[in-house]
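Chemist: Kindly return the folded structure for what I paste below:
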Amino acid sequence: MIARIKRLLGDPLIHFLAVGGLLFAVFYVLHPPSESAADANTIVVDRSKLLTFMQYQSAAFDPNYFDREFNALSPQEKQALVDKYVREEALYREANALGLKEGDYVIHRRMVQKMLYLIDDTASEAFSPSDGQLQKYFDAHRDNYLVAPSLTFTHVFIDKEARHPGGAEKAAEKLKAELQAKGATFDDAPNYGDRYPYGQNYVKMTPDYIANQLGPGFAKALMALKPSDHKWQGPIESQFGYHIVMLTEHKPAHLPTLADLHDEVKNDMLRDTVDAYQKNAVQDLIAHYKVKVEGLPLDATAKTGAQAVK
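Modeler: Reported below is the predicted structural model:
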């Protein structure tokens, strides 16, 4: 018996099993089963989880609204909501246990996006600019808020392709005199001239828009006129023919005040702040990793920290 025990103690397999058992015991002591592991087969459903579930299902995030919606549900509707939540959670856990997310680039991208959302939320929550900071941002980006010039006018059209005694330009000059003699107003324009295929009244339109409609030459000539609510001017030539115009308003380019654009400027500043915070945060995260690129030439001036490995 003693001889058999000695042979067993000298067996390498026994040594391996003993060491393995010792390591398992040490690991168990240092890493006892957690409550979450013990409850891996338990799906906990509470009000908070259901409210979050409702918001993601609706792709709308308004806690107060969904809190009211939840309160309005009947017991049967709440049970249906619980069943739906449990179904999704069970499927998620089984997919996770089967390792289905491994190698799935769609899930990979969604996790990346969620990480970026968390970073953006952090920047947004900390965003609280003072009036001075908003003014400084506004001054630095004033070109973004410059309002383009605008013109308001109507026109009476003489078609180049139509038959007019003496030609289209002479017909336009004659009609202009008639409009002025009769005291024709802005609203009377549709009663005169040839049919124009596009718009007749242009209200607060930019020179670029007018140039796109009637040509750069027309827009330039119109810009040179002085506004008048009783005077017909022109004719101005376009690619279509001749136009007798009544220009009633010409607003030059101007810069509104910060007070006029307070919310817009604040939103723009928030967007730029979040973008800058995200860029810096991502770079800080990348700095924790050593990147090795195998078998690919790299730009030596790149600042990714990647190193080519042959």
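Chemist: Give me the contact list for the helix ranked longest in the chain.
Modeler: Taking DSSP state H as the criterion, the chain has its longest helix at helix 262-286. For helix 262-286, the external contacting residues (Cβ atoms under 8 Å, 6 or more residues apart in numbering) are 116, 119-120, 122-124, 127, 129, 133-134, 137-138, 141, 144-145, 258, 304-305. All C-beta atoms are positioned from the backbone trio N, CA, C, and that covers glycine.
Chemist: and M246, what is it in contact with?
Modeler: By Cβ under 8 Å, 6+ apart, the contact set of M246 is F153, T154, H155, T185, F186, A189, S228, D229, H230, K231, W232, Q233.
Chemist: Which of the three states applies to it?
Modeler: strand (DSSP: H, G, I helix; E, B strand; the rest coil).
Chemist: Could you measure from it over to A184?
Modeler: M246 sits at a distance of 8 Å from A184 (criterion: Cβ to Cβ, to the nearest Å).
Chemist: Likewise for Y145?
Modeler: To A184, Y145 is 39 Å away according to Cβ to Cβ.
Chemist: buried set for the helix or strand harbouring L134?
Modeler: Take DSSP states H and E as the rule and L134 turns out to sit in helix 131-140. Judged by neighbour count using 16 or more other Cβ atoms under 10 Å, the buried positions of helix 131-140 are L134, Y137, F138.
Chemist: which residues touch it?
Modeler: Under the criterion Cβ under 8 Å, 6+ apart, residues P129, Y145, L258, L261, H262, V265, K266, D268, M269, D272 lie in contact with helix 131-140.
Chemist: list the contacts for the fourth one?
Modeler: Read it as L261. Here L261 is in contact with F138, Y145 (criterion: Cβ under 8 Å, 6+ apart).
Chemist: now, which of the contacts of helix 262-286 lie within helices?
Modeler: Reading helices off the contacts of helix 262-286 with DSSP H, I get L116, I119, D120, T122, A123, S124, Q133, L134, Y137, F138.
Chemist: my guess is P235 contacts I158, does it?
Modeler: Yes. P235 is in contact with I158 according to Cβ atoms under 8 Å; the separation is 7.0 Å.
Chemist: between the two, which one's more packed in?
Modeler: Legend: neighbour count by other Cβ atoms under 10 Å for P235 and I158, higher for I158 (29 against 24).
Chemist: how far does the helix or strand encompassing that one sit from the chain's center?
Modeler: In this assignment (DSSP H and E), I158 forms part of strand 150-159. Distance of strand 150-159 from its chain centroid, counting by Cα atoms, centre = their mean, to the nearest Å, is 38 Å.
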